[in-house]
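Student: Below: sequence and its predicted model.
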Amino acid sequence: MAEEVQRALDNLRFDRMVKAFCIISPDSKIYQSTLDPDTEAMVKQTVSLYKGQISQLTVNTEAGLVVISKIADNWLLAVLFPPNLSLGIAVVKTKATLLALRELNLNIIETMKEKPVEPTPAPPPEPVTSPPVPPSQPTPTPETDTPQLEPIPPPEPTPVPPDIEEMPPPLEPPPIEPSETTTPPPPPSPDKGRINLKFVPQGGEELLAALDSGSAVGSALNDKFGPYARDVLFLVDGKRDVKTIAFLLGLPEYAIVDVLEFAINNRILASPVAV
């Protein structure tokens, strides 16, 4: 089980955008921490202020952006990112580790060391021994001094030119029929009731309420689409279009369209302007 925890944390340990991270127990103890002492103290103080009420929290510090997310049973994961990284990408970066940790028994973390286990160095390569050189064979001597005659190659056959009258006429290639190319229809525009892949969503009146899973609109969003719907809303910044959001989350584009249309109909996002 301890190896599975370390494997889940490898998603963060080998991510170049992640500066440091730690796991926080329900009694505010720090495990597997790679944070510097100042940032670690700030994280503990922030967690103590909310007293187990954290679902997901972001804190801007001098060291960078800290994303604190709930794993399960009041266990928390804190990840430090560079200060110039967008919030949406930071949330997506922690998603894989959160899903992996939620499937494990987190009580095993209390028996692990506070710092990540150092990788075991590879054993030194064994010396390569060269194969033994076989003894030289004596050169055979000819039995007689009779010179060997080289074989005379047979004469090449003279090509006989074919009769011109008996040669068949050259074959003409069949006519090439022009292929009918069908151009796929463009994605529907907002004035037809559907948003296209170049649509850039904007925040609406209920956006902040939808990010809270305890609210009515947030609960309805989660019941209909699941946790990934909140990840979609986190990437809404007024600059990214549908295709970019789908690429960042690794989800099909139609799934992003379904979430955005639900959000528009429930005033989570602003209604699109017809073009």
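Tutor: The structure has been received and is ready for your questions.

Student: check contacts around residue 5.
Tutor: 32, 101, 104, 108, 109, 112 (Cβ atoms under 8 Å, 6 or more residues apart in numbering). No exception for glycine: its C-beta is placed from N, CA and C like everyone else's.

Student: quick one: which of these is nearest residue 9?
Tutor: Compare each of the contacts of residue 5 with residue 9 using Cβ to Cβ and the shortest gap goes to residue 32, at 6.2 Å.

Student: That closest one is in contact with residue 12, isn't it?
Tutor: No - with contact defined as Cβ atoms under 8 Å, residue 32 does not reach residue 12; the gap is 9.8 Å.

Student: Quickly list what's touching both of the two.
Tutor: residue 21.

Student: would you put the C-alpha positions of stretch 201-221 in CSV?
Tutor: C-alpha atoms of stretch 201-221 as CSV (Å, rounded to 0.1, in the frame of the first residue of the first chain):
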residue,chain,number,x,y,z
PRO,A,201,-17.5,31.2,-22.4
GLN,A,202,-17.9,34.1,-20.0
GLY,A,203,-18.8,33.9,-16.3
GLY,A,204,-22.4,34.5,-15.2
GLU,A,205,-24.3,35.3,-12.1
GLU,A,206,-24.2,31.8,-10.6
LEU,A,207,-20.6,31.0,-11.4
LEU,A,208,-19.2,31.2,-7.8
ALA,A,209,-22.2,29.4,-6.5
ALA,A,210,-21.7,26.6,-9.0
LEU,A,211,-18.1,26.1,-7.9
ASP,A,212,-19.5,25.3,-4.4
SER,A,213,-20.7,21.6,-4.5
GLY,A,214,-22.8,22.3,-1.4
SER,A,215,-25.0,24.9,-3.2
ALA,A,216,-28.2,24.0,-5.1
VAL,A,217,-26.8,24.9,-8.5
GLY,A,218,-23.5,23.2,-7.7
SER,A,219,-25.2,20.1,-6.6
ALA,A,220,-27.3,20.0,-9.7
LEU,A,221,-24.2,20.4,-11.9
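
Student: Buried residues of that stretch, list them for me.
Tutor: For stretch 201-221, the neighbour count (16 or more other Cβ atoms under 10 Å) marks 201, 203, 204, 206, 207, 209, 210, 211, 217, 218, 221 as buried.

Student: for stretch 5-14, same thing?
Tutor: 5, 8, 9, 11, 12.

Student: Now do the contacts for residue 88.
Tutor: 231, 234, 235, 236, 237, 240, 248.

Student: and if you look at residue 93?
Tutor: Counted by Cβ under 8 Å, 6+ apart, residue 93 has contacts 12, 15, 17, 18, 79, 81.

Student: any chance of the residues you listed in CSV, with distance to residue 52 too?
Tutor: Listed next are these as CSV, based on distance: Cβ to Cβ, whole Å:
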residue, distance to residue 52
12, 23
15, 28
17, 29
18, 25
79, 19
81, 24
